[in-house]
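No letters, just coordinates:
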């Protein structure tokens, strides 16, 4: 894939010209979403296009999972997010010729995503075959104020000469999934044409489509309306999967035609086609009532509020500045209006991972939302706790107690067909439990709101049914797979053991402060004591010879990977068999190093330094999740410049298409991770103690950083320069206790605190990476 | 499945009446084979029938393996043995009504498989709807003298009254595989109608079919000829996949009609349809030249030779006597005429495991053949060594050195789609190497004949590229799966480590005596020394607290299985997820206990006693492979009665349908294992030292055992009663050194040696099994 080239700007993502080869990536980068509805940043024209995609969170189709050698408990069905009727397409015909940027005549083509406006703008200057030069301007938004609304304003002006202009605007159910590579033809059958059209109607100015997914039975309705400025005629017609509206105008030189297109969406698991159509049509009416300007104003207002609470600044690296704001924008948009659905690994920006959510949403996206948009975090957690019954059922299938949450899912059912990297990766349960606990700790809210207590209790029970105490009293977890997907089905994975320990302890603590609610869940004192006993005796292997933690039992005894000889073998999983790489000292992503961050209290600073050094030399980052974690721990260990390089890799993952797969959608966890790399990494922010703790640091290449976050209802700004760090309470009830570099301060309104910048003192030289796997960008 | 009831007889398997519900099992039990050609023991009539099956070893079809989440190196295609044109079907119509044993009128129906004659005989007395009573006698053989020949003699006699008799005899390509449960419809497509008919011709007395498998392109030809005794007319016709021959006769009371049907087969990977037809027709002519009696005489002659060399006797247990002979008969037949193809796990008796061969053919069947039919063993080993290039290629795919043989295959290509129980089960390579080495040791033949040296060298190289020496100098194998399929992807599986050690040492020894040939394979002194060093330092974990070997690292720390609560959960793999059972103390089959047998020198008698006791309590025998191993080791440990019970379970596995899946084909490894349970178990025969060693024992329930085997060209009989053991050299150049109970004897022709029977002295009480999992039968 070719990556598009964007101008560096603090608030804009500007593409000054169009490169057809870069369209697959730019479609993803220019995606717009509000968490309920998402559209890919396709051009207005139907072609060229890599993947048309309009997505509603929670709307998916089933497909059969067939196994050449099935095992008990293998999921029988997968789920795939499918595109709902796409309302982005607008074709322009001038004197009978259609605008196509691949043909001659395009004199100018630029697009701009304004991160404060929340609008994608496009400007095209086109010399039509008839000789007339036309200027096309379009603006597109997915409303952050009206969750079911996509709006487009499309203007054509005859710059030079006159033109007979036809604008044909479609609402079209997408048929033919672009990439169904799974070998079983039933998968292509299920996903190639997932929507059955139940109702199609049209008026002159638009129409409606009501559909249902054929297998999963989800109802989806879309309505479209057009308003025209300028003398023009408008008619609509419909056929098959499409409602088309045609606007015809005769433009004299200098005259223009403006079409405002509004598309409204609604979906439900159980609802009549007509009642859904009513909702979709109402969304159109509401948006038309606001008008384009009203929608744009509301958009900016929502974003003003977001940036007020969440803006992040870095000085000394304009590219990083842009990337961090872009990433935050997309993370915010991915969750802004979400409800009763998860955030997928790609948000609503592409079909990658079938639209599934994974542990890294809880691990990376949720802490960011918890600190910046706690109400969105609460809705996400509420979705997860709504899948608790399914998780209990899954634990039953596995013959375990408690709840075992899905490794990958859209609706809570386990969809992962490869158990060594899913069912065995039980850390997902501790990751989820931690997200619930952090939410409570950061917001100070009682656990009832998002359903934390049952999640903590049932995950604790899961661990108790998995683990076993040996003759010496040490508690083990056998046969687990940790975060690193190049090491699987191992005993005593340190990350998993420590996360399970934390899960058990936090569950115990939560139960002790809510004994009545816990009793309703059948929790007894003996049970809580057993959790604490297991946690206290959890095995943490240590290699005395090397002085490092093996990331799991025997890991440091594995054969080393010959990085020098295998520099063309990335990603490694596409060149080597799991049977080999599962027992080699090569990591796809941080694993033990992730424990150094998330379970920081379990390690001494010297262990952090030595472990980081050891695993840096063996981690290849074939996963986009890894760079942010490495950034944080490098900062912990005082390697600030290296931390910054990892931060850059994580932040630029999609703007630069670092992984080469941005076409499949944005890397939401990496986007959130880049903010964490700045805040938890360079900023040293810790969320896992009673009080907020920070430990600011500034790499040589930066002159200033500033970020904001919300802690227990207080909005805080932290600004760091060489002169020191200034903490300002922007909003909320002070005083707020904050530990800075271990020193306690009480933060009050109008009384910023300034703290001198400490010098990092790394214990070891800067770690080395495998050859060629140094931080990218 | 209902198991048929057979009369107990030392040489006959006699079914005195027919139970339609037992037909699926009896079809398998009455299968006939010569290793090249096999037919299931279906009735002559097309119906009732569970699975029509005529198989040629090495004839298979490809089908696509599709993975919902594929990994690098996953095989893209499976292979499935397919039925070639079936020549068994003969329909009888009398006065317009057809013989159908499910309808009224069958007054007598008995079948007998004579283990000395090698013929399946059937007798039916039928009162046709017209009122006439007819006697039908059929006899069927798959020739042990002419590998491509199936012959049937079919006689109808009008016992009482007259009858207009029509015999319709088919040669029919089977369309519609009975059980294609794999979800991917492409599999059903590939296997439902695998044969394309290229040529079909007929004469009055028969015809020919030439076919080709559609994907794998294997040519198969079948020819059929009929000869009639008695006044009758005969015509043939053909259509589609079938050649049908119709014989019509008018029988007066007491008159009979006899039809002798001969079917000839040939196949080749590359050959014209016509030349294959020529071979198949020549087989028919050759058989017709011999005539039925000639074929039957030749059959008996071959079997006389076999029983002379291989007969086994037990007194005190007639059922076991019958089963042991039946098992030996089937093992012999499975390999008698084999060439350029493997013996499948089910031989040529059913579609189970798709006709694939597995490690247990080398592990169980090959030692038996080596001792009883070394020329068949040599052909099997030759087939395996012919797949060495493919195994080298597979090692390359896995990023390893040397050769990695297929876990399951028909032609040498890996076909297993589930790597944790196949690619990770690398012990298959050591098992194969051991079979090659044992062949050399038992026969005394130089290794060149069967290609042992390259196999030993390349498997040794494989182990060296898998294993790693730790800081303390101990050599480990990580991430392996041992024989027990309920424990997977573990570190330092003792069986695998010890088998690899043996592989390395035997390879080193073989290289040292053939330095020139080894040099051609690039073996250097340093390489051999590295093998020996690794072998000497192989890790053998031991649990000091329990005083037993954990079967792999941490095994004794796993959670125990709650056998009492789960008595309905068998087979466990169909009720529990691998993610759970892989780390529980529950074994499908012997694993460490298998090491106690195959790697006996690595254990002290006390370790054998304690380890056996430990694993007996945790082994559920959901695999038919296990009972024989447990029998051998129970005998080793002096638990003779328990050994006998396991021996019975193994020996009766198919006659009693112990596993409930005999319908899918005979359990060849268990059949061979039952002989080993007698000979290596109760007889204490060891093949793995320079000299033959035996250690006879006699359980209380038996009064006498006798078996024969061939060692370095000498045929030996070993007969054990309470009075002692008599060793007789029946044939071959004496003197033959034999160690009996550790005492050395020189065996000479006409000078039998008698040795007093020792009393077993078990160190521990008889081991206990999980509740309900005591030896069956």
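It's in. Keep in mind that what you see is a predicted model, and the values were worked out from it rather than measured. Numbers count the residues shown, from 1 in each chain, chains lettered A, B, ... in the order given.

What is the burial count for residue A:770?
Neighbourhood size, residue A:770 [other CB atoms under 10 Å in any protein chain shown]: 21. C-betas here are computed from N, CA, C, even on glycine.

OK, contacts around it?
Residue A:770 sits next to A:561, A:563, A:617, A:618, A:619, A:620 when contact means CB atoms under 8 Å, 6 or more residues apart in numbering or on different chains.

next helix or strand past the helix or strand harbouring residue A:511?
In the assignment (DSSP states H and E), residue A:511 maps to helix A:494-513. Per DSSP H and E, the first helix or strand lying C-terminal to helix A:494-513 is helix A:515-520.

So, low pLDDT: which residues of chain A?
The model of chain A has pLDDT under 70 over residues A:1, A:175-182.

Contact partners for the closest residue to residue A:385 other than its chain neighbours?
In space, and not counting its chain neighbours, residue A:385 is closest to residue A:451: 3.3 Å by CB to CB, 6 or more residues apart in numbering or on different chains. With contact taken as CB under 8 Å, 6+ apart, residue A:451 is in contact with A:381, A:382, A:385, A:386, A:388, A:436.

which two in these are spaced the farthest apart?
A:386 and A:436 (12.8 Å; CB to CB).

and the two? which has more neighbours close in?
Ranked by neighbour count (other CB under 10 Å), residue A:386 and residue A:436 place residue A:436 first, with 26 against 14.

Could you tell me how far the more buried one is located from chain B?
Noted for residue A:436: a distance of 24 Å to chain B, by CB to the nearest CB, to the nearest Å.

neighbours of the residue lying closest to residue A:540 once chain neighbours are set aside, just the number please.
Nearest non-adjacent residue to residue A:540, counting by CB to CB, 6+ apart: residue A:494, 5.9 Å away. For residue A:494, the tally of surrounding residues (other CB under 10 Å) stands at 29.

Figure out how far stretch A:149-165 is from the centre of its chain.
From the chain centre to the centre of stretch A:149-165 is a distance of 35 Å (CA atoms, centre = their mean, to the nearest Å).

Hmm, I typed the wrong one, I wanted stretch A:338-352.
Distance, stretch centre to chain centre, for stretch A:338-352: 7 Å (CA atoms, centre = their mean).

and if you look at stretch A:556-565?
So, by CA atoms, centre = their mean, the centroid of stretch A:556-565 is 33 Å from its chain's centroid.

what about it, start to end distance?
Start and end residues of stretch A:556-565 are separated by 21 Å (CA to CA, to the nearest Å).

can you pull the buried residues of that stretch?
For stretch A:556-565, a neighbour-count test (16 or more other CB atoms under 10 Å in any protein chain shown) marks A:556, A:557, A:558, A:559, A:561, A:563 as buried.

same thing with stretch A:306-316?
In stretch A:306-316, counting by 16+ other CB under 10 Å, buried: A:306, A:307, A:309, A:310, A:311, A:312, A:313, A:314.

which residues touch it?
With CB under 8 Å, 6+ apart as the test, stretch A:306-316 has contacts from A:116, A:320-321, A:324-325, A:328, A:332, A:372-373, A:675, A:678-679, A:701-708, A:710, A:715.

how about 7 Å then?
The contact list for stretch A:306-316 (CB atoms under 7 Å, 6 or more residues apart in numbering or on different chains) reads A:116, A:320-321, A:324-325, A:328, A:332, A:372, A:675, A:678, A:701-708, A:710, A:715.

what ranges do the strands span in the stretch 101-250 of chain A?
Counting by DSSP state E, counting those that start in this stretch, the segments of the stretch 101-250 of chain A that form strands are A:106-114, A:119-127, A:133-142, A:149-160, A:163-172, A:195-203, A:206-213, A:219-229, A:233-239, A:242-251.

do the stretch 251-400 of chain A as well
Under the criterion DSSP E, counting those that start in this stretch, the stretch 251-400 of chain A contains strands at A:256-268, A:313-315.

Show me what the first one is packed up against.
Under the contact definition 3 or more CB pairs under 7 Å, 6 or more residues apart in numbering or on different chains; DSSP states H and E, strand A:256-268 sits against strand A:149-160, strand A:163-172, strand A:219-229, strand A:242-251, helix A:273-310.

Now do it against strand A:233-239, angle only.
Using axes from the mean of the first three to the mean of the last three CA atoms, to 10 degrees, the direction of strand A:256-268 lies 30 degrees away from that of strand A:233-239.

Buried residues of strand A:256-268, list them for me.
Buried residues in strand A:256-268 (16+ other CB under 10 Å): A:256-268.

Quick one: end-to-end length of stretch A:584-593, please.
End to end - CA to CA - stretch A:584-593 spans 17 Å.

typed the wrong thing, it's stretch A:764-777
Calculated as CA to CA, the first-to-last residue distance of stretch A:764-777 is 25 Å.

what's the distance between that stretch and the middle of its chain?
With CA atoms, centre = their mean, you get 26 Å for stretch A:764-777.

Sort out which residues of it are buried, please.
Buried residues in stretch A:764-777 (16+ other CB under 10 Å): A:767, A:769, A:770, A:773, A:775, A:776, A:777.

Understood, closing this out.
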